[in-house]
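# kindly generate the corresponding structure for this input.
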Amino acid sequence: MKRILVTGAAGQIGTELVPALLDRYSGSRVIATDIKEPTEALAAGARFEALDCTDAGSCRRLIEEQGIDTVYHLAAVLSATAEGMPQKAWSVNMDGLFHMLEACREFGCTLFTPSSIAAFGPGTPADPTPQDTLQRPNTMYGVTKVAGELLCDYYHARYDVDARGVRYPGLISYMAPPGGGTTDYAVEIFHAALMAGRYTSYLEPGTQLDMMYMPDALRAAMELMDAPADALKHRNAFNVTAMQLSPERLADAIRAHIPQFTLDFDVDPVRQRIAESWPRRLDDTAAREEWGWAPEYDLRTMVEDMLVRLAERLGVTSPVA
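Just a heads-up that it's a prediction; the model follows:
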């Protein structure tokens with residue numbers, strides 16, 4: 001029986017990962033942790049523990065007391081939020097990861113921690129972005145992600161910690177609200193389409209970014225963790241992708257179901273600058289070859305499922321026949 005710890009369980013990924021872990025690993029024990037209570041995880045049957053991952057002693061004690069063998073370390077300050085509080089972002093994103101790696105080293109745990117397309121920068125080839133390439137990000141979030149990738153590589157090489165991870169693109173989810181990321185428009189636009197019939201994008205027309213629907217993101221994490229260790233070369237920073245979107249391309253797909261939906265623009269220069277430093281399209285060949293990665297959702301199927309499920313959560317009529 002697996003004994004799994006999830007940090008940041010109240011966030012966008014954790015809210016859905018905890019129930020997915022319970023479904024995938026039937027009979028396993030899942031401990032959901034955060035600095036705020038993740039009600040969705042508790043409803044799914046996970047045990048909840050309050051945990052500040054910047055507290056090294058608390059991380060170590062919880063892993064030891066609960067006999068944890070697998071950690072999904074999701075706690076982080078996201079891209080746009082991190083630019084407003086870079087010191088806190090460094091503390092949460094780096095100190096938290098360091099404490100978890102140290103605990104995993106001591107107690108022999110396997111660790112998953114997500115990196116991001118933010119780990120690249122304006123000097124990186126943008127279309128496609130190779131698996132191994134220049135990484136010189138110009139945001140604090142990106143800096144912590146590159147440093148985190150290297151730290152995980154170090155702990156594997158130096159201490160044989162089985163640390164694994166993917167570079168997530170923007171994630172689209174009907175469960176958790178946006179959490180301060182640059183790609184949050186791709187979630188907000190669905191809420192606005194269903195509730196108001198219009199949306200104002202903070203990114204410019206034609207701003208293309210990699211995106212993925214949350215069910216694929218969850219599956220990527222769990223499939224990577226299930227992969228044989230000896231098959232993995234790029235253990236801690238696999239490019240993964242599913243689709244490439246701009247605000248108007250996503251709006252056009254929504255109009256297939258809500259013809260009257262309108263899209264306006266009021267550009268946020270901070271988030272626009274961040275978006276322009278990120279890849280337009282990732283090359284995920286390494287993930288496909290090393291552990292069989294393949295997305296299940298494309299733009300059409302994602303939009304249809306998102307509209308149906310979000311409409312149900314919002315208590316409105318679904319526009320999808």
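# which residues in this structure form helices?
Counting by DSSP state H, one finds helices in the chain at the ranges 12-24, 39-43, 56-65, 79-84, 86-90, 96-107, 140-159, 185-195, 214-226, 247-255, 269-276, 285-291, 299-314.
# CSV for those, including distance to N236, mean pLDDT and mean neighbour count?
The C-beta positions use only the backbone N, C-alpha and C, and glycine is treated the same way. Formatted as CSV, those follow (distance: least, C-beta to C-beta, whole Å; pLDDT from 0 to 100; neighbours: other C-beta atoms under 10 Å):
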stretch, distance to N236, mean pLDDT, mean neighbour count
helix 12-24, 17, 92, 22
helix 39-43, 25, 64, 16
helix 56-65, 19, 97, 16
helix 79-84, 19, 90, 21
helix 86-90, 19, 97, 15
helix 96-107, 11, 98, 21
helix 140-159, 4, 97, 20
helix 185-195, 26, 96, 21
helix 214-226, 10, 98, 20
helix 247-255, 30, 98, 19
helix 269-276, 23, 92, 17
helix 285-291, 12, 98, 17
helix 299-314, 27, 97, 17
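# turn the ones you listed into CSV, columns for distance to P177.
Shown next, in CSV, are the helices of the chain (distance: least, C-beta to C-beta, whole Å):
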stretch, distance to P177
helix 12-24, 8
helix 39-43, 12
helix 56-65, 27
helix 79-84, 13
helix 86-90, 20
helix 96-107, 22
helix 140-159, 19
helix 185-195, 8
helix 214-226, 13
helix 247-255, 18
helix 269-276, 17
helix 285-291, 28
helix 299-314, 11
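# contacts only, for A157.
By C-beta atoms under 8 Å, 6 or more residues apart in numbering, the contact set of A157 is empty.
# how about 10 Å then?
R235 (C-beta atoms under 10 Å, 6 or more residues apart in numbering).
# next: W293.
Applying C-beta under 10 Å, 6+ apart, the residues contacting W293 are 166, 216, 219-220, 223-224, 227, 238-242, 284-287.
# of the helices of the chain, which is nearest H234?
Across the helices of the chain, H234 has its closest neighbour in helix 285-291 (5.1 Å, C-beta to C-beta).
# that closest one packs against which elements?
For helix 285-291, the packing partners by 3 or more C-beta pairs under 10 Å, 6 or more residues apart in numbering; DSSP states H and E come out as helix 214-226, strand 238-239.
# pLDDT value on the nearest residue to Q260 once chain neighbours are set aside, please?
Nearest residue to Q260, sequence neighbours excluded (C-beta to C-beta, 6 or more residues apart in numbering): G197, at 5.7 Å. G197 carries a pLDDT value of 97.
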